[in-house]
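Undergrad: attaching a predicted model along with its sequence, questions to come.
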Amino acid sequence: MTDSLSAVELTRRQFLGLSLTAAVLPALACAPGTTSSHARDSGARARLRDLGIVIGDLPPGPFNAITDVPGVGVGHTTLIHGNGPLVVGKGPVRTGVTAILPRPDLPWRRPVYAADLTINGNGEFTGLGPVRRTGLLGGPILLTDTGSVGRVHDGGVQWALARDADAFAGPVRPDPVVGETWADYLNDTIGRHVGSVEVARALTSAASGPVAEGCVGGGTGMRAFQFKAGIGTSSRLIPAGEKDADGMWHVGVLVQANFATRYQLLVNGVPVGREIVDLLPERGARTEVPTGNSLLIVIATDAPLLPVQLHRLCQRAALGMARTGAVSTHGSGDLAIAFSTGNEAGPAAAESLQVLRPSRMTWLHKGVVEATEEAILNSLTAATTMVGRDGNTIHALPLDRLLDVMQLYGRHG
């Protein structure tokens, strides 16, 4: 690859359409990244509820995260290094990978029922073929940037084989599902800096508990509503029956947010994007309006749902997205995948299955809508201002001004 390519600007669609001979670069070593799977971002940033802003009526789980669903683990590898002009294959690098494990053990030995939905298709969830054919998910879900999809998928397969040499010998394949969003405004996309080492690090660190949000993992280089964004998560508790003694189901949502325009932003119904009109992304020293939008939504629940019911949850995630003001534009890749840990779905499954009564689905619909909305907003409030390639800057949502706007409209607290 010649040095002249350092100045090339590719759209996401152009990148995805490149032939292998045009897109492949020699493998280049990456500087070590940081890994986090437990602690939230430190510093002055906060989650939405820490600011006194409550979305919806249903209560969140103890972590208010997708990890409130028992057995679900999340881990990140974050890569941030280099400054200045883009040099293809070297950086600056602002990317990473986020791993979601449906179960704490080998997922291909204990697969889960799953389904997906393409809200708008200018994006990619690689590896969904087995899910769509069988309704089963036997591998992890991995979120990254557009350029790293192939290497991340290969890294997921390598991780599975390192843990189980016979992973492909069983009736359920360990194929990972890899989602991408376009980080090229800050990141060296063509350099493809996320590989098997980073994937293994994220998967190995995947655990229950609090989930790091904002500029971490696959969300490192992302933005939403032209503010800095990235990873966000939230959860809801759902009544399992008509009586308190029937217990609760959990539903959790994790998003990788990289979508929408400033004026669209709504926070709990308040038109925040129309009130905070400055702090737009800057290309070097020049303010501009970068194009390209996507939202990845991962939904988990322990309610015993079949794929057709999980598909309905994916549909309701689109309503949660809409409550933040977004419309799923022509150029947006808005994709959702949902899975349930409520049944054993593999070879060891019982002869009969539990299935949630249709009359209880409305509670889950509500939980997904609320958790999706809050997860998107958490991705904004947790993220920090970031400078990337060529001095490009994406500013964080100013939390003090957010609270001023909410109070102006009488919606704070």
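TA: That came through fine. Numbering: from 1, shown residues only.
Undergrad: every contact and neighbour count from this point should use C-alpha atoms.
TA: OK.
Undergrad: so where do the strands sit in the stretch 251-400 of the chain?
TA: With strands called from DSSP state E, counting those that start in this stretch, the stretch 251-400 of the chain shows them at 282-283, 286-287, 293-301, 332-340, 386-387, 393-394.
Undergrad: partners of the fifth one, with directions?
TA: Translated: strand 386-387. strand 393-394 (antiparallel) (DSSP bridges).
Undergrad: rewinding a little: can you list the strands of the stretch 251-400 of the chain in CSV and add mean pLDDT, distance to residue 88 and mean neighbour count?
TA: Below are those laid out as CSV (pLDDT from 0 to 100; distance: least, Cα to Cα, whole Å; neighbours: other Cα atoms under 10 Å):
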stretch, mean pLDDT, distance to residue 88, mean neighbour count
strand 282-283, 92, 18, 19
strand 286-287, 72, 22, 12
strand 293-301, 95, 23, 27
strand 332-340, 96, 25, 27
strand 386-387, 97, 17, 22
strand 393-394, 96, 19, 25
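Undergrad: any weak-confidence spans in the stretch 101-250 of the chain?
TA: By pLDDT under 70, the low-scoring segments of the stretch 101-250 of the chain are 242-246.
Undergrad: which residues of it fall in strands?
TA: Listed in chain order, the strands of the stretch 101-250 of the chain (DSSP E, counting those that start in this stretch) span 112-121, 124-126, 136-137, 141-145, 177-181, 223-224, 227-228, 231-239, 248-258.
Undergrad: in JSON lines: those strands, plus mean neighbour count and distance to residue 310.
TA: Shown next, in JSON lines, are those (neighbours: other Cα atoms under 10 Å; distance: least, Cα to Cα, whole Å):
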{"stretch": "strand 112-121", "mean neighbour count": "22", "distance to residue 310": "6"}
{"stretch": "strand 124-126", "mean neighbour count": "21", "distance to residue 310": "17"}
{"stretch": "strand 136-137", "mean neighbour count": "29", "distance to residue 310": "11"}
{"stretch": "strand 141-145", "mean neighbour count": "29", "distance to residue 310": "16"}
{"stretch": "strand 177-181", "mean neighbour count": "29", "distance to residue 310": "16"}
{"stretch": "strand 223-224", "mean neighbour count": "31", "distance to residue 310": "26"}
{"stretch": "strand 227-228", "mean neighbour count": "30", "distance to residue 310": "30"}
{"stretch": "strand 231-239", "mean neighbour count": "29", "distance to residue 310": "15"}
{"stretch": "strand 248-258", "mean neighbour count": "28", "distance to residue 310": "11"}
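Undergrad: save these as a markdown table, and put in distance to residue 368 too.
TA: Below are the strands of the stretch 101-250 of the chain laid out as a markdown table (distance: least, Cα to Cα, whole Å):
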| stretch | distance to residue 368 |
| --- | --- |
| strand 112-121 | 14 |
| strand 124-126 | 20 |
| strand 136-137 | 20 |
| strand 141-145 | 18 |
| strand 177-181 | 20 |
| strand 223-224 | 20 |
| strand 227-228 | 24 |
| strand 231-239 | 8 |
| strand 248-258 | 7 |
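Undergrad: quick one, which of the ones you listed gets closest to residue 99.
TA: strand 141-145 (4.6 Å; Cα to Cα).
Undergrad: what strands line up against that closest one, and which way round?
TA: Paired neighbours of strand 141-145 in the sheet (DSSP bridges): strand 93-101 (antiparallel), strand 177-181 (parallel).
Undergrad: what angle do the first one and strand 231-239 make?
TA: To tie it back to what came earlier, the one meant is strand 93-101. Orientation check (axes from the mean of the first three to the mean of the last three Cα atoms, to 10 degrees): strand 93-101 against strand 231-239 gives 20 degrees.
Undergrad: which outside residues touch strand 93-101?
TA: With contact meaning Cα atoms under 8 Å, 6 or more residues apart in numbering, strand 93-101 is reached by 72-82, 107, 139-145, 152, 183, 186-188, 193-194, 198-199, 202-203, 206, 216-221, 388-389.
Undergrad: quick one: the longest helix seen in the chain to chain centroid distance?
TA: If you go by DSSP state H, the chain has its longest helix at helix 361-382. Distance, stretch centre to chain centre, for helix 361-382: 13 Å (Cα atoms, centre = their mean, to the nearest Å).
Undergrad: helices or strands up against it?
TA: Helix 361-382 sits against strand 231-239, strand 248-258, helix 307-323, with contacts defined as 3 or more Cα pairs under 8 Å, 6 or more residues apart in numbering; DSSP states H and E.
Undergrad: as CSV, these with distance to residue 97 would be great.
TA: Formatted as CSV, the helices and strands packed on helix 361-382 follow (distance: least, Cα to Cα, whole Å):
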stretch, distance to residue 97
strand 231-239, 10
strand 248-258, 10
helix 307-323, 22
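Undergrad: and the residue nearest in space to the middle of the chain, bridged to which residues?
TA: In the chain, the residue lying closest to the centroid (Cα atoms, centre = their mean) is residue 256, at 2.8 Å. For residue 256, the beta-bridge partners under DSSP bridges are residue 231, residue 296.
Undergrad: list the contacts of it.
TA: So residue 256 contacts 143, 181, 218-219, 222, 230-232, 295-297, 376, 379 (Cα under 8 Å, 6+ apart).
Undergrad: pLDDT value on it, please?
TA: The score at residue 256 is 98. That number is its pLDDT.
Undergrad: would you mark the buried spots in the helix or strand hosting residue 403?
TA: Per DSSP states H and E, residue 403 falls inside helix 399-408. Across helix 399-408, burial judged by 16 or more other Cα atoms under 10 Å covers 399, 402-403, 405-406.
Undergrad: before we move on, the earlier item: distance to residue 250 added to the contacts of residue 256, as TSV?
TA: Below are these laid out as TSV (distance: Cα to Cα, whole Å):
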residue	distance to residue 250
143	22
181	27
218	24
219	24
222	28
230	23
231	20
232	17
295	22
296	20
297	16
376	19
379	21
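Undergrad: that older thread, quick one, the helix holding residue 403 and helix 361-382 angle?
TA: Using the same axes, to 10 degrees: helix 399-408 against helix 361-382 is 130 degrees.
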